[in-house]
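Colleague: fold the stuff below for me.
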Amino acid sequence: MLNEIIRNIIRFVILVGVQVLLIKNIELGRFINPFIYVLFIIVLPFETPKWLLLLSGFIIGITIDMFYDTAGMHAAACVFIAYIRPGVLKLFSPRDGYEFGTQPTIQYLGVPWFLSYSAILIVLHHIVLFYTEVFRFSEFFSTFFRVILSSVFTILLVVISQYLFHRKKEQE
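Modeller: Residues are numbered from 1 along each chain as shown. Predicted structure coming up:
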């Protein structure tokens with residue numbers, strides 16, 4: 001239990017650091033804004049209580065807001081995906097349910113499952129974030145284009161990070 005808490009705190013610090021120090025400073029064009037920090041919410045253990053999901057979403061979102069000067073937009077988007085995460089997990093739940101002690105990662109549940117699960121959360125995060133940022137319908141299609149491109153790049157970064165940093169625990 002304590003190992004899991006420490007691992008998630010380290011993951012939080014690393015993802016915020018990568019987002020703020022690296023990705024924020026890379027210019028990929030007007031329409032491409034990847035946000036790797038959403039991986040923190042995506043890979044929290046299945047057993048995480050709903051109140052802790054919402055609190056974690058708010059904390060990581062407001063932390064990113066402090067560095068991006070976005071006045072709560074990232075916090076709103078993160079709390080939203082933390083709120084709908086249990087429903088998305090239930091939508092993709094295996095017949096026998098999830099094994100206790102596993103995490104929603106590529107290594108535990110496979111590429112098709114993880115891509116479907118994470119893509120839904122990432123696209124919804126980006127929709128809430130970018131449409132809250134614009135807050136008008138006059139730029140609906142350009143914002144939608146931004147959502148799609150940013151989501152594709154974020155999904156790509158998330159999948160790459162899964163292969164680089166997550167190892168499957170040995171079955172005993």
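Colleague: residue 11: what's it in contact with?
Modeller: Contact analysis of residue 11 by C-beta atoms under 8 Å, 6 or more residues apart in numbering lists 39-40, 43. Where you see a C-beta, it was placed from the backbone N, CA and C, and this is true even at glycine.
Colleague: out of those, who has the most neighbours?
Modeller: Using other C-beta atoms under 10 Å as the neighbour criterion, residue 39 leads the contacts of residue 11 with 26 neighbours.
Colleague: any idea how far residue 146 is from it?
Modeller: 20 Å (C-beta to C-beta, to the nearest Å).
Colleague: ok, residue 31 next?
Modeller: Taken as C-beta to C-beta, the span from residue 31 to residue 146 is 5 Å.
Colleague: list the buried residues in the top helix by length along the chain.
Modeller: The residue-count maximum for a helix in the chain (DSSP state H) belongs to helix 140-165. For helix 140-165, a neighbour-count test (16 or more other C-beta atoms under 10 Å) marks 143, 146-147, 149-155, 157-159, 161-162 as buried.
Colleague: how about stretch 83-97?
Modeller: For stretch 83-97, the neighbour count (16+ other C-beta under 10 Å) marks 84-85, 88 as buried.
Colleague: what's the answer for stretch 7-24, then?
Modeller: In stretch 7-24, counting by 16+ other C-beta under 10 Å, buried: 8, 11-12, 14-16, 18-20, 23.
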